[in-house]
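# I'll drop the sequence and a predicted model, then ask my questions.
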Amino acid sequence: MTRYETAIDLAAIDAIDVHVHIEVDDHGHSSLPADLQEAASKYFRADGPRPDIDGVAEYYRSRRMAAVVFTVDATTNFGHAPLSMDEIVDGAARHADVLIPFGSVDPNREDALDETLRLIDRGVRGFKFHPTVQAFRPDDERFAAQYKAIEDAGLVALFHTGQTGIGAGMPGGRGMRLSLSNPMYLDAVAADFPDLQIIMAHPSVPWQDEALSVATHKHNTWIDLSGWSPKYFPKELVRYANSLSKDRVLFGSDFPLLTPDRGIGDAEKAGLFKPEVLPGIMKDHAARLLGLS
């Protein structure tokens, strides 16, 4: 196993996509159980290919983009083995010119802290959390040691917020609770861990105002724009991205369910963002956050 060390040349890329899922490994194993994968594809109307990490690297390299890549470990909630974190780190190391690996450790695992520390040693640049999928409330004190380890390492914690397509349309949403992904829970995390850099992923519908409130009050929080076509972005999100929060908004796609091509194209057609804020959103803020500049 190779420790990840970035080799990204910022002059050679035009954008950094901070939200890219690895959904299948080179053995054909999926990150989600089959029923959830089928429901998510239907929800997002995404029946296209789900490339492995080598395919993701090729896709982003051809577009002069870098990508933050991760999966979601929801072992205790799904009873489904996650993708190998080591294979994701190894794949990112093979493609260190375009890929940046985040780890994912189910907070409900008994060995969550040990596994978090192990992945930090392997060189991951952050961790992905999905409170609804992993079935945990982010401000629960049980998870403080895991957050402290990430904070001490100077890494990023990326949390899913708002609505999710995972479980959508299934009976009872397959038991998943949207309320766990209310960004207001992250206010307490940001307060208790002031040096932990937190990304609130996606337009946080139906809690967009809560996310904007946290982002303007806690300057160790960021917002990524993944998971929604820009033509559906809440008006307040666009207004803040062009003004009060312009220094902490990040480009993200939610690939492969949503592609960066579509996100950029829809944003250009809608003319949502001021020209002077676009370089920061597309690349500069993420480069600063991830320690690349």
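Cool, got the structure.

# What pLDDT does the model give residue 34?
Residue 34 carries a pLDDT score of 80 in this model.

# brain fart, residue 182
The model reports residue 182 with a pLDDT of 98.

# tally of neighbours for the closest residue to residue 1 other than its chain neighbours?
In this structure, residue 1 finds its nearest non-sequential neighbour in residue 86, 5.7 Å apart by Cβ to Cβ, 6 or more residues apart in numbering. For every residue, glycine as well, the C-beta is placed using N, CA and C. If you count neighbours by other Cβ atoms under 10 Å, residue 86 ends up with 14.

# Residue 86 in helix, strand or coil?
Assigned by DSSP: H, G, I helix; E, B strand; the rest coil, the conformation of residue 86 is helix.

# you'd agree it is up against residue 123?
No - look at residue 86 against residue 123 with Cβ atoms under 8 Å: they stay out of range, at 11.3 Å.

# circling back to that earlier point, how much space between the residue nearest to residue 1 and residue 101?
Residue 86 sits 10 Å away from residue 101, going by Cβ to Cβ, to the nearest Å.

# do the same with residue 159
Taking Cβ to Cβ, one finds residue 159 at 17 Å from residue 101.

# Between those two, which has more neighbouring residues?
Shown here are residue 159 and residue 101; by other Cβ under 10 Å, residue 101 has more neighbours (27 against 21).

# Find the nearest non-adjacent residue to residue 101, please.
Residue 101 sits nearest to residue 92 (Cβ to Cβ, 6+ apart), 3.8 Å away.

# Over to residue 57?
Nearest residue to residue 57 in three dimensions, chain neighbours excluded: residue 95, at 3.6 Å (Cβ to Cβ, 6+ apart).

# Could you do residue 144 as well?
Nearest to residue 144 is residue 192, by Cβ to Cβ, 6+ apart, at 7.1 Å.

# Read off the pLDDT value for the one you found.
98.

# hey, where'd the helices end up in the chain?
Along the chain, counting by DSSP state H, helices occupy 34-44, 53-61, 75-78, 85-94, 112-121, 131-134, 144-152, 185-192, 208-217, 235-241, 260-270, 278-279, 285-289.

# So which of those helices is the most surrounded?
Compared across those, helix 131-134 shows the largest average neighbour count, a mean of 24 (mean count of other Cβ atoms under 10 Å).

# Using CSV, write down the CA coordinates of that one.
Taking C-alpha atoms only, helix 131-134 is exported to CSV below (Å, rounded to 0.1, in the frame of the first residue of the first chain):
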residue,chain,number,x,y,z
PRO,A,131,-25.7,11.3,8.6
THR,A,132,-28.9,10.0,6.9
VAL,A,133,-27.2,7.0,5.3
GLN,A,134,-25.0,6.2,8.2
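
# Pull the residues that contact it.
By Cβ atoms under 8 Å, 6 or more residues apart in numbering, the surrounding residues in contact with helix 131-134 are 72-74, 76-78, 106-108, 137-138, 159-160, 164, 166-167, 176-178, 180-181, 185.

# go on, stretch 176-195?
Applying Cβ under 8 Å, 6+ apart, the contact partners of stretch 176-195 are 130-133, 135-139, 144, 147-148, 151, 154, 157, 159-164, 166-167, 196, 198, 200, 204, 207, 210-211, 213-214, 217-218, 220-221.

# picking up where we left off before, if you tally nearby residues, what's the number for the residue nearest to residue 57?
21.

# shouldn't it be in contact with residue 53?
Yes - proximity of residue 95 to residue 53 meets the contact threshold set by Cβ under 8 Å, at 7.5 Å.

# distance of residue 222 from residue 19?
Distance of residue 222 to residue 19, computed by Cβ to Cβ: 11 Å.

# same check, this time on residue 215
Residue 215 sits 16 Å away from residue 19, going by Cβ to Cβ.

# Residue 216 now?
Using Cβ to Cβ, residue 216 is found at 21 Å from residue 19.

# what sits against the residue lying closest to residue 160 once chain neighbours are set aside?
If the residues on either side of it in the chain are set aside, residue 160 comes closest to residue 130, at 4.2 Å by Cβ to Cβ, 6+ apart. Taking Cβ under 8 Å, 6+ apart as the criterion, residue 130 is in contact with 72, 74, 159, 160, 164, 166, 181.
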